[in-house]
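# can't give you the sequence, but here's the structure:
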């Protein structure tokens with residue numbers, strides 16, 4: 001049964017507790033044929049058209065893509081609009097074998113994080129919904145506070161698991177447009193602290209998804 005209202009799941013994280021990335025696996029019976037991906041598109045300040053190339057080949061075993069334009073920053077010389085950035089993926093699925101539903105279960109993100117002092121918080125938001133039932137939405141939130149005055153420069157690898165009660169299930173046909181919005185934002189009253197989240201010198205911001213299935 002679908003949930004009738006949006007669910008907000010608060011997940012607190014720290015810089016030292018970032019979860020390692022794990023390989024995706026398809027948790028579905030061998031006799032089940034997953035739905036086809038009809039089309040994929042992206043929108044948002046962190047993935048302007050043409051900057052993200054996500055191959056859907058093998059999407060049910062492993063869906064991972066880079067976001068080279070995904071950057072958020074704050075500090076005395078930056079504009080307030082640069083404190084947040086987002087990328088929303090839109091996946092249009094064709095029908096699958098009747099009697100099965102799928103949902104996004106796990107989300108990994110990786111980006112480079114820098115800050116030169118305390119008082120700021122980097123918050124990651126993940127919002128999931130199907131276009132045909134946009135009121136049925138799940139949002140997870142992870143907050144990473146800057147807790148000391150030392151300089152921090154490291155890759156930040158975060159893992160979000162959407163709880164069973166908050167999963168957003170596809171229609172039983174397996175069709176529909178799934179929207180997954182990934183956003184980060186710097187918050188805090190401190191204006192003299194410089195902070196950055198985005199690509200490093202050697203890699204882009206990256207997302208990875210994993211699915212779960214059930215009979216309906």
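Nice, thanks for sending it over. What you see is a predicted model, and the numbers here were worked out from it, not measured in a lab.
# show me what contacts the spatially most central residue of the chain?
For the chain, residue 182 is the residue whose C-alpha lies nearest the centre (C-alpha atoms, centre = their mean; 4.0 Å). By C-beta atoms under 8 Å, 6 or more residues apart in numbering, the contact list for residue 182 reads 46, 86, 87, 88, 89, 107, 109, 124, 125, 126, 207. Any C-beta I mention is one placed from the backbone N, CA and C, and that applies to glycine too.
# between the residues you listed, which is closest to residue 214?
Distances from residue 214 to these, taken as C-beta to C-beta, are shortest for residue 107 (18.7 Å).
# Quickly list what that closest one is bridged to.
Residue 107 has these beta-bridge partners by DSSP bridges: residue 160, residue 209.
# Over to residue 128?
The partner list for residue 128 in beta bridges (DSSP bridges) reads residue 138, residue 180.
# right, and it touches residue 170 too?
No. With contact defined as C-beta atoms under 8 Å, residue 128 does not count as touching residue 170 (11.1 Å).
# Show me where this structure dips below the pLDDT cut-off.
Where the chain drops to pLDDT under 70, the residues are 1-31, 97, 147-150, 189-190.
# Just the buried subset of the contacts of residue 182, please.
Buried members of these, counted by 16 or more other C-beta atoms under 10 Å: 46, 86, 87, 88, 89, 107, 109, 124, 125, 126, 207.
# Look up the residues forming beta bridges with the fourth one.
Think residue 88. Note on residue 88: beta-bridge partners residue 43, residue 181, judged by DSSP bridges.
# The closest residue to residue 178 other than its chain neighbours: which element?
Leaving aside its chain neighbours, residue 178 sits nearest to residue 91 (4.7 Å; criterion: C-beta to C-beta, 6 or more residues apart in numbering). Using DSSP states H and E, residue 91 sits in strand 84-93.
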